[in-house]
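A.B. asks: sequence and predicted structure, then a few things I'm wondering about:
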Amino acid sequence: MPPPAKNFLILEQVTQLQQALKESKLPHVRERIFMILLQNDGRTQQEISRFLGCFPRTVAYWCMHGDPDNLESLHNKQEYEHNRKATPEYIELLLKTVEREPSDLGYEFGLWTAGRLATYLTEQTGIDLSSSQVRRILKRKKYSYIWAKYDLEDKQDPLIRAEFQEKLAQYLTIAREQPEPMQVWFWDESGFSLRVIRRKNWGKRGRRKNITGQRRCGRVNVMGGIREADRKRICCFIKKGEGDIFYEQLQQLNKLIRGYL
């Protein structure tokens, strides 16, 4: 059978293949897309084989069997034989579940993994997929397993925060104009957990999930501050992060500052 003529693909097919080439995470799928696009550009199968460094028989097979209107034809059969069991309803429930907190559904763990999602959806739908199959579906839907960030916005009062920011701006202005009578220190407490805290979870690409800053016992606590004027730093270890100790450390900071004056 003679090779197809140059530019045998219509514009829509070329656009679809180029988009899939950018988005596919599978090297062998991208290679097969290249084969079809190069053939559409007028390259012979021998030229494509030399260019991509693969066997001529491989190029001949995918140029013949690769369907530009059906990108699934470019995948290995086993990659889709299980995902066919994932009905649209299953996928819709998966995407809704991954956006919810596990605690809302009665679970004690704090984050979703692919295995936990697979188990939950099996219970809800009766469709039994492995964790790798669930992971593959999520990646095709533009989800990735990324680091979350701690968020304390639920504990903040926006009005009080705005008032504080206004006062802070005034204090900073005075401290910069009159550094002797006033100093501005930024003081905070933090801790290092003695157990592994899992912060990775599934989220839509380009958007990180927020998780609460709750901790359990077993960590090293530290308090410290930095002076706004010259970035001088003070740090000390404490037994426990609580109000009384915080106030005690501020008193010691005040004595230290007076000693410098």
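C.D. replies: That came in fine, so what should we check first?
A.B. asks: break down the stretch 151-261 of the chain into its helices, ranges please.
C.D. replies: Assignment of helices within the stretch 151-261 of the chain using DSSP state H, counting those that start in this stretch yields the ranges 158-177, 243-260.
A.B. asks: and of those helices, who's closest to residue 99?
C.D. replies: Nearest to residue 99 among the helices of the stretch 151-261 of the chain is helix 158-177 (24.4 Å), distances taken as C-beta to C-beta. C-betas here are computed from N, CA, C, even on glycine.
A.B. asks: re the thing from before, the helices of the stretch 151-261 of the chain into a markdown table, with extra columns for mean neighbour count?
C.D. replies: As requested, these are arranged in a markdown table below (neighbours: other C-beta atoms under 10 Å):
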| stretch | mean neighbour count |
| --- | --- |
| helix 158-177 | 11 |
| helix 243-260 | 11 |
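A.B. asks: worst average pLDDT in those?
C.D. replies: Note on those: lowest mean pLDDT is at helix 243-260, with a mean of 78.
A.B. asks: that one - contacts with which helices or strands?
C.D. replies: Judged by 3 or more C-beta pairs under 8 Å, 6 or more residues apart in numbering; DSSP states H and E, helix 243-260 is in contact with strand 185-193, strand 219-227, strand 233-238.
A.B. asks: same question for the second one, mean pLDDT?
C.D. replies: Which is strand 219-227. The pLDDT scores in strand 219-227 average 84.
A.B. asks: pick the most deeply packed of the helices and strands packed on helix 243-260.
C.D. replies: strand 219-227 (a mean of 16; mean count of other C-beta atoms under 10 Å).
A.B. asks: partners of it in the sheet?
C.D. replies: strand 185-193 (antiparallel), strand 233-238 (antiparallel) (DSSP bridges).
A.B. asks: export the first one to CSV, keeping only CA atoms.
C.D. replies: Once side chains and other backbone atoms are set aside, the C-alpha atoms of strand 185-193 remain, and they are given as CSV (Å, rounded to 0.1, in the frame of the first residue of the first chain):
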residue,chain,number,x,y,z
TRP,A,185,9.6,43.4,66.5
PHE,A,186,7.8,40.6,64.7
TRP,A,187,7.4,37.7,67.1
ASP,A,188,6.0,34.3,66.6
GLU,A,189,6.1,30.7,67.8
SER,A,190,6.6,27.6,65.7
GLY,A,191,7.4,23.9,66.2
PHE,A,192,9.0,20.9,64.6
SER,A,193,6.9,17.8,64.7
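A.B. asks: quick one: it to helix 243-260, angle?
C.D. replies: 130 degrees (axes from the mean of the first three to the mean of the last three C-alpha atoms, to 10 degrees).
A.B. asks: show residues contacting strand 185-193.
C.D. replies: 215-216, 218-228, 238, 241, 246, 249-250, 253 (C-beta atoms under 8 Å, 6 or more residues apart in numbering).
A.B. asks: coming back round to it: the strands paired with strand 219-227: which one's closest to residue 20?
C.D. replies: strand 185-193 (42.7 Å).
A.B. asks: show me which helix or strand of the protein is least confident by mean pLDDT.
C.D. replies: Across the helices and strands of the chain, mean pLDDT, DSSP states H and E gives its lowest value to helix 78-81, namely a mean of 54.
A.B. asks: elements contacting the helix or strand just after that helix?
C.D. replies: Of the helices and strands lying after helix 78-81 in sequence (DSSP states H and E), the nearest is helix 88-98. Helix 88-98 is packed against helix 114-125, helix 131-140, with contacts defined by 3+ C-beta pairs under 8 Å, 6+ apart.
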